[in-house]
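A.B. asks: Please work out how this folds:
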Amino acid sequence: MANVGKSRKPFKRNPEIANAIAQASQYVGGVALFQVPSWVRPRVDSFVVDPKIKRDAMVCFACAVCKTGFGLCRFTELRDGVVKSCWCLEDKENREYQARQVNKISARDLRKIYDDRTSIGIPATLAKWGISKSTLDHACRDKHARLSRKPVNIQNDIYVLANVRGIEAAMAKFELNHAETLAICGIVRKRKAAQKVEAIAAWVAMPDSRKSEIKNIIREGKSMIRDAVEQATGGLEAPPLDWYEEGRYWGELTIAEYSTCGKYSYFGWAVDVVRALPEEFAASIFGSSVAKFVEVINATESGRAGRRRSYKNKISSIDTQVVRRKRAPEAKMSGRYFFPPMGSQDIVAGISTYTLAA
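C.D. replies: Numbers count the residues shown, from 1 in each chain. Model (predicted):
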């Protein structure tokens with residue numbers, strides 16, 4: 001190899017290549033950009049002893065097919081049309097061929113192949129199913145892409161169940177095999193890791209005043225949720241026979257405590273925040289009272305809906321003037337319970353960032 005190992009001194013340029021570069025000659029594969037030095041890529045005549053044989057240098061060319069790629073080949077191959085692209089055309093044809101091979105396999109067998117690749121290994125899978133390594137890789141990539149397109153909430157449920165009760169429980173509930181369950185757990189794990197990195201950056205960039213407000217909202221929210229549950233149930237698991245309180249049904253919140261207009265209800269903002277947050281976030285932030293708080297909210301809404309249905313016909317048959325109740329000013333209400341300085345959406349975004357960054 002004549003030029004390998006020598007110093008990187010100026011090399012002799014091929015006049016034909018220089019002329020093609022100057023004129024930007026368009027070939028089938030693309031346009032030659034520059035000649036590659038021999039110490040980067042040895043010329044074809046490295047083992048040729050006869051000095052009369054014309055040297056065939058390497059060139060870098062811009063691909064004419066994909067318009068963005070670059071290739072490396074002999075200049076004669078580019079000039080004569082032997083090289084037609086920077087491998088993008090070959091890759092496309094190979095993907096189309098492998099897609100046709102995968103389409104010949106049934107969906108049930110594809111699931112088994114995907115599972116065998118993890119359980120018994122690649123060589124045994126190829127021998128068992130009689131397919132090539134390229135076909136196996138294409139089938140597994142396609143299967144992984146379909147798994148990643150599952151709804152995010154279902155992916156999270158699979159991930160939580162697999163971590164809490166084990167892989168077998170997630171496989172049985174969602175009718176997945178072992179490899180599919182592991183793949184979905186890996187997808188969720190990577191997504192959570194990326195979200196954590198973004199949340200840390202967002203939390204670091206957040207002003208200190210905003211951080212203090214979010215921490216204060218979390219602290220006040222814990223006590224408010226405990227108070228709401230205590231007032232709605234009296235601290236009891238079931239309503240006793242002699243339980244009675246004016247203006248309140250057992251296990252429900254009053255209109256002043258929770259109404260559709262969160263601005264004028266004591267716990268309205270807490271309801272919106274708890275519902276908007278993921279279940280695991282809400283429990284980790286506001287404590288174990290969240291589950292009971294959600295039960296109280298659901299009981300309140302279902303109880304009011306049932307009573308409206310019961311009295312709808314009676315109320316509609318009475319022709320009376322509508323009387324609007326005057327709402328208590330916010331200043332008076334804020335003396336009893338905490339009202340956050342920001343909206344529910346901002347609270348959810350801040351708490352999510354705080355939880356992921358923690």
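
A.B. asks: Just checking, which helix or strand succeeds whichever strand or helix holds R191 along the chain?
C.D. replies: Using DSSP states H and E, R191 sits within helix 178-205. Proceeding N to C from helix 178-205, the next assigned helix or strand is helix 208-233, under DSSP H and E.

A.B. asks: so after that following helix, what's the next helix or strand?
C.D. replies: helix 268-276.

A.B. asks: Run the chain-centre distance for that following helix.
C.D. replies: Centroid separation between helix 268-276 and its chain, computed with C-alpha atoms, centre = their mean, to the nearest Å, is 24 Å.

A.B. asks: what's in contact with it?
C.D. replies: Applying C-beta atoms under 8 Å, 6 or more residues apart in numbering, the contact partners of helix 268-276 are 221, 224-225, 228, 258-259, 261-262, 282, 286, 290, 293-294, 297, 339-340, 344-345, 347-348, 351. C-beta here means a position set from N, CA and C on the backbone, and glycine is covered the same way.

A.B. asks: cool, and stretch 220-230?
C.D. replies: Residues contacting stretch 220-230 (C-beta under 8 Å, 6+ apart): 253, 257-258, 266-267, 270, 273-274, 285-287, 289-290, 292-293, 296, 337-338, 340.

A.B. asks: and those residues, which are buried?
C.D. replies: 253, 257-258, 266-267, 270, 273-274, 285-286, 289-290, 292-293, 296, 337-338, 340 (16 or more other C-beta atoms under 10 Å).

A.B. asks: Now do the same contact list for R95.
C.D. replies: H138.

A.B. asks: Could you export the host helix or strand of it as PDB, CA atoms only?
C.D. replies: Assigned by DSSP H and E, R95 belongs to helix 88-103. What follows is helix 88-103, C-alpha atoms only, in PDB (Å, rounded to 0.1, in the frame of the first residue of the first chain):
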ATOM      1  CA  CYS A  88     -30.100   5.800   0.100                       C
ATOM      2  CA  LEU A  89     -31.600   4.100  -3.000                       C
ATOM      3  CA  GLU A  90     -30.200   0.700  -1.900                       C
ATOM      4  CA  ASP A  91     -31.600   1.200   1.700                       C
ATOM      5  CA  LYS A  92     -35.000   2.100   0.300                       C
ATOM      6  CA  GLU A  93     -35.100  -1.000  -1.900                       C
ATOM      7  CA  ASN A  94     -33.900  -3.200   1.000                       C
ATOM      8  CA  ARG A  95     -36.600  -1.800   3.300                       C
ATOM      9  CA  GLU A  96     -39.300  -2.400   0.700                       C
ATOM     10  CA  TYR A  97     -38.100  -5.900   0.200                       C
ATOM     11  CA  GLN A  98     -38.000  -6.600   4.000                       C
ATOM     12  CA  ALA A  99     -41.500  -5.100   4.400                       C
ATOM     13  CA  ARG A 100     -42.800  -7.600   1.800                       C
ATOM     14  CA  GLN A 101     -41.100 -10.400   3.600                       C
ATOM     15  CA  VAL A 102     -42.600  -9.400   6.900                       C
ATOM     16  CA  ASN A 103     -46.100  -9.000   5.300                       C
END
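
A.B. asks: Can you name the next helix or strand after that helix?
C.D. replies: helix 107-119.

A.B. asks: Show me how far that next one is from its chain's centre.
C.D. replies: On C-alpha atoms, centre = their mean, the centre of helix 107-119 falls 24 Å from the chain's centre.

A.B. asks: F61 touches G29, doesn't it?
C.D. replies: Yes. Between F61 and G29 there is a contact at 6.1 Å, judged by C-beta atoms under 8 Å.

A.B. asks: quick check: mean pLDDT across the helix holding R95?
C.D. replies: In this model, helix 88-103 carries a mean pLDDT of 90.

A.B. asks: Tell me which residues of that helix come out buried.
C.D. replies: Under 16+ other C-beta under 10 Å, the buried positions of helix 88-103 are C88, L89, Q98, Q101, V102.

A.B. asks: ditto for stretch 351-358
C.D. replies: I351, S352, T353, Y354, T355, L356, A357.

A.B. asks: just the residues you listed now: which is nearest V164?
C.D. replies: Nearest to V164, judged by C-beta to C-beta, of the buried residues of stretch 351-358 is T355 at 18.3 Å.

A.B. asks: That closest one sits in which helix or strand?
C.D. replies: With DSSP H and E as criterion, T355 is part of helix 344-357.

A.B. asks: contacting residues around that helix?
C.D. replies: Against helix 344-357 from outside (C-beta under 8 Å, 6+ apart): 195-196, 198-200, 202-204, 206, 210-211, 213-215, 217-218, 262, 269, 272-273, 276-277, 281, 284-285, 340, 342.
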